[in-house]
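next comes the sequence, and after it the predicted model I'd like to discuss.
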Amino acid sequence: MEVCARFLIVGASLAGLRAAEALRNSNYKGEIAIVGAETHLPYNRPPLSKQILLGSQSPEDLSFPISDDLDVTWHLGSAATGLNIADREVTLENGKVLSYDRLLIATGVTPFLPPLPNIDVPGVHSLRTIDDARQLCAEMQPDRRIAIVGAGFIGCEVAASARKRGLDVVVLDQMDRPMARVLPPSLSEVFRTAHEEEGVAFRFGVTVTALEGTDHVTGVTLNTGETIEADIVLIAIGSRPTTDWLEGSGLVLEKGVVCDQSCRALNGDNRIAAAGDIAVWPHLNYGEDRFRIEHWTNAAEQGAAAARALLNDNDAPYVPLPSFWSDQFSLKLQSIGQPSRAERIEIVAGSLEDRKLVAECWKGDQRVGVIALNMAPKLARYRIQMEQELQ
Ligand SMILES: Cc1cc2nc3c(=O)[nH]c(=O)nc-3n(C[C@H](O)[C@H](O)[C@H](O)COP(=O)(O)OP(=O)(O)OC[C@H]3O[C@@H](n4cnc5c(N)ncnc54)[C@H](O)[C@@H]3O)c2cc1C
């Protein structure tokens, strides 16, 4: 394939930025252009549900450092609206058409908003961007009531931040425990108890059927017929990959942009890759299934790996050790591997009672993950071991 003169990245966030950095670190001298729907330069999202809502960091603190040597042409504030693979062109909302020799897709995910009555009434929020966080934060005054729909990581982190700020907090979920898709029941229980001790109320096994209010939200109605009064509602029930702009392009879109083992997009003419929350790919060490990881570390690592694979036209498989963290009240959770696949856990240090532990997660005789709660340093040796197992 000819030398790459223009490397185009769509998605100006973590995966996109790390991709650009990897290109320059690989001594790539051609043009790098980055398109972003938001008006902001890339920033760090995890503090949006934590430090930003608590007021301990300001939005300006979240900017990623960007070296002048990166020499990127930024196209911010205008989303990509279409991809023409035959002509190697991406069209933007503002009418511009950008050509590419290689294209990295890093458009992440968008919060899923269910089609419920009154979903767009003021006071109903979702949380993905700095602008979302600003709006939510402005409404979070002490003594107001917030109903959080979804007891996943973002819902629980916002619950902790809101409670610390003196709001009345209720978290609603159709499952029977917090963070049920990822954590084993005994660890969910630790989090539930810690939240309740701080004054967070949970309602499990319920679904929201409507939002109430006309000028501003006044509450949520449940499938039980009950209405829970609230001044603010956060919908945090998951997200969908931001693939709308790729519809009809010919790329394979199934719960994300489907890629091969080295993150090259299927049907992408060997010139297109995807990375971060949007990419679906087969992790060769984890069986036949293709999957997507919605965590910070993967976005950073995959952005760099996909950019290098595309630039150098190599087939090296991308086989990361998945990892994530979450902070809620005094609980600091860190996870490596795939604890959600575990059939049983073994606590090998600390205890559930102390809320300080290391748990190995097992499926049959295979250790599929390790979780540390308030014991991060103990995870280091597991990380090395499990990374070696992936080689
Ligand atoms: C509130 C919150 C808290 C989090 N906390 C943690 C945590 O504690 N630990 C953890 O491991 N992970 C956490 N995460 C997840 C982590 O932030 C993400 O995994 C990471 O940001 C993914 O990076 P990305 O670059 O793939 O996608 P994103 O960061 O979603 O960026 C995608 C970018 O593409 C842009 N875009 C979308 N469509 C278009 C288009 N058509 N044209 C141009 N641009 C477009 C978007 O505006 C966005 O800026 C959190 C996420 C959120 C929202």
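Received it, and whenever you're ready, just let me know what you need. Numbering: from 1, shown residues only.

distance from stretch 309-323 to the middle of the chain?
Centre-to-centre, stretch 309-323 and its host chain are 20 Å apart (C-alpha atoms, centre = their mean, to the nearest Å).

mean confidence for it?
For stretch 309-323, the per-residue pLDDT values average out at 94.

so which elements touch the longest helix along the chain?
When the chain is parsed with DSSP state H, its longest helix is helix 296-312. Packing contacts for helix 296-312, counted by 3 or more C-beta pairs under 8 Å, 6 or more residues apart in numbering; DSSP states H and E, involve strand 6-10, helix 14-25, strand 102-105, strand 272-274, strand 323-328. C-beta coordinates here come from the backbone N, C-alpha and C atoms, glycine included.

tell me which of those sits most buried.
When you average the neighbours per residue for each of those (mean count of other C-beta atoms under 10 Å), strand 272-274 leads with a mean of 31.

helices of this protein, start to end?
Under DSSP H, the chain gives helices at 14-25, 51-54, 130-139, 153-164, 185-197, 296-312, 379-389.

may I see the helices and strands packed on helix 296-312 organised as a markdown table, with distance to Gly155 added?
Below are the helices and strands packed on helix 296-312 laid out as a markdown table (distance: least, C-beta to C-beta, whole Å):
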| stretch | distance to Gly155 |
| --- | --- |
| strand 6-10 | 29 |
| helix 14-25 | 21 |
| strand 102-105 | 28 |
| strand 272-274 | 27 |
| strand 323-328 | 10 |
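
including distance to the ligand, could the ones you listed go into TSV?
Listed next are the helices and strands packed on helix 296-312 as TSV, based on distance: least, C-beta to the nearest ligand atom, whole Å:
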stretch	distance to the ligand
strand 6-10	5
helix 14-25	3
strand 102-105	9
strand 272-274	9
strand 323-328	4
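
now do the contacts for the residue nearest the centre of the chain.
What sits nearest the mean C-alpha location of the chain, by C-alpha atoms, centre = their mean, is Glu294, with 4.0 Å. Applying C-beta atoms under 8 Å, 6 or more residues apart in numbering, we find Glu294 in contact with Val109, Ser239, Asp277.

mind listing what the first one touches?
By C-beta under 8 Å, 6+ apart, the residues touching Val109 are Arg128, Ser239, Arg240, Pro241, Thr242, Asp277, Ile278, Glu294.

go through those residues and name the one nearest Leu54.
Within the contacts of Val109, proximity to Leu54 (C-beta to C-beta) peaks at Arg128, which comes in at 18.3 Å.

surely that closest one touches Thr110?
Yes: contact criterion C-beta atoms under 8 Å: Arg128 and Thr110 qualify, at 6.7 Å.

any shared contact partners between the two?
With C-beta under 8 Å, 6+ apart, Arg128 and Thr110 have common neighbours Ser239.

the helix or strand bottoming out on mean pLDDT in the chain: partners in the sheet, and parallel or antiparallel?
Least confident element among the helices and strands of the chain, by mean pLDDT, DSSP states H and E: strand 290-291 (a mean of 90). As defined by DSSP bridges, the strand partners of strand 290-291 come to strand 279-282 (antiparallel).

returning to that earlier point: any chance of CSV for the contacts of Val109, columns distance to Leu284?
What follows is the contacts of Val109, written out as CSV (distance: C-beta to C-beta, whole Å):
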residue, distance to Leu284
Arg128, 30
Ser239, 26
Arg240, 26
Pro241, 22
Thr242, 26
Asp277, 20
Ile278, 20
Glu294, 20
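
what subset of the residues you listed is buried?
Listed as buried from the contacts of Val109 are Arg128, Ser239, Pro241, Thr242, Asp277, Ile278, Glu294; burial here means 16 or more other C-beta atoms under 10 Å.
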